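My questions are about this predicted structure, shown below with the sequence.
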Amino acid sequence: MSEQWLGLITGICFGALLQQGRVLRFEKQVGAMLLRDMTIMKFMMSAILVGMVGIHLLASMEIVKLSPKATLLGALIVGGALFGAGWAVMGFCPGTSVGAVGEGRWHAVWAILGMIAGAALYAEAYAALEKSLLAWGDFGKLTLPGALGVSPWVIIPVLGGVFLLVFVFFERKGL
Amino acid sequence: MRHRFSWRPYLAGALVGVLATLSVLASTLVLGKTQFLGASTTFVRAAGFIEQEIDPARVKANPYFAKTVAKFDWQFMVIVGIFIGALAASLADGSFKLEAVPPVWRERFGGGVGRRAAGAFLGGVVAMFGARLADGCPSGHGLSGLMQLSVSGFIALALFFGTGILVAALVYREKGGLR
């Protein structure tokens, strides 16, 4: 099977699950930022909970290699803050914007066009950023188990426990 | 607001965890190249496709487009698939709804399509510039990053939500303070 077909099938499943989890909607995304509705947090944390076990099992069996993104502190802080600010106004993230159009929320098209323009703008700025912000605070491909010097199987149950407590909190508060 | 417990976000989320695992496995076995879910790189490729039509020399000379070439790769097709999957699922359960202005936006800024378009576009520009600088979005950093317990994922997700909460409070604030 080609790379493209595998991607398409994966995407169709991902899109259907995003839609069924009801996380594609503007009001769910902004609702989480307004601390009114934690649907997207429940969805993301459930995905992380299952995915971190599955992916670390595959890595422990040496079937796959992890590929964590580099920790470039300067770029992460400035980029992360810019993303959050834009996300709050746009009400979609890159992946959900396309799905939102799929379920009829066609105003996400404006967001998609803006994001394509933002990517083009970044390409223009890249040469200058590469020598400045992107060169600052490079900690390499750091993982939590690597940084703490412990097995991932120590971190996973702890993080899993924290997530479950957060779920209980959300449900008690009616979020 | 009344709240009823629902398994929906937990169940759909957990299935995305299964999908992410299977996708990592399948891409490794089938393609010999491990692929983690992500989305924002595709917007660079899309920008490259469009810019190539307008000014191919500019794209050729750009170091970022040299790194992220305009091509229909695995992730690009995932993004196409998300559209198809969401369309099919929403038609199947009747939740498909044409919407020009979302309700939360309407409450604060009214029902004007132009205003919503401008907000979404400008928000999109800023967000994608940030996502490329941070090298990921809530899918790549948030889901795939945290699944791998990568430090960058935790930092990125904290900043995405931290700033999102601050800006949302400012933008959607109603008269008479925060709601």
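Done, it's in.

Does the closest residue to residue B:45 other than its chain neighbours belong to a helix, a strand or coil?
The shortest distance from residue B:45 to any non-neighbouring residue, by CB to CB, 6 or more residues apart in numbering or on different chains, is to residue B:70 (5.0 Å). The C-beta positions use only the backbone N, C-alpha and C, and glycine is treated the same way. Counting by DSSP: H, G, I helix; E, B strand; the rest coil, the backbone at residue B:70 sits in coil.

what's residue B:70 in contact with, if anything?
B:45-46, B:48-49, B:52, B:59 (CB atoms under 8 Å, 6 or more residues apart in numbering or on different chains).

Any idea how many residues pack against residue A:163?
When counting by other CB atoms under 10 Å in any protein chain shown, one arrives at 19 neighbours for residue A:163.

what secondary structure does it sit in?
Put simply, residue A:163 is helix when judged by three-state DSSP.

pretty sure it is in contact with residue A:45, am I right?
Yes: using CB atoms under 8 Å, residue A:163 is in contact with residue A:45, at 4.9 Å.

Moving C-terminal from the helix or strand of chain B with the lowest mean pLDDT, which element do we reach first?
The weakest-scoring helix or strand in chain B, judged by mean pLDDT, DSSP states H and E, is helix B:103-109 (a mean of 93). Later in the chain than helix B:103-109, the nearest helix or strand by DSSP states H and E is helix B:113-134.

That following helix: which residues count as buried?
B:116-117, B:119-134 (16 or more other CB atoms under 10 Å in any protein chain shown).

low-confidence ranges in chain B?
B:1-3, B:175-179 (pLDDT under 70).

ok, 90 please
Along chain B, the model assigns pLDDT under 90 to residues B:1-4, B:173-179.

same check, this time on chain A
In chain A, residues with pLDDT under 90: A:1.

check contacts around the residue nearest to the spatial centre of it.
A centroid search over chain A (CA atoms, centre = their mean) returns residue A:44, at 7.9 Å, as the residue closest to the centre. Each residue near residue A:44 by CB under 8 Å, 6+ apart is listed here: A:23, B:13, B:138, B:142-143.

again, only this time at 7 Å
The contact partners of residue A:44, by CB atoms under 7 Å, 6 or more residues apart in numbering or on different chains, come to B:13, B:142-143.

which one among these gets closest to chain A?
Nearest to chain A out of the contacts of residue A:44 is residue B:13 (CB to the nearest CB; 3.0 Å).

pretty sure the closest one contacts residue A:46?
Yes: the pair residue B:13 / residue A:46 is scored as a contact, 3.0 Å apart, by CB atoms under 7 Å.

ok, these two, which is more surrounded?
Comparing residue B:13 with residue A:46 by other CB under 10 Å, the one with more neighbours is residue B:13, at 27 against 23.
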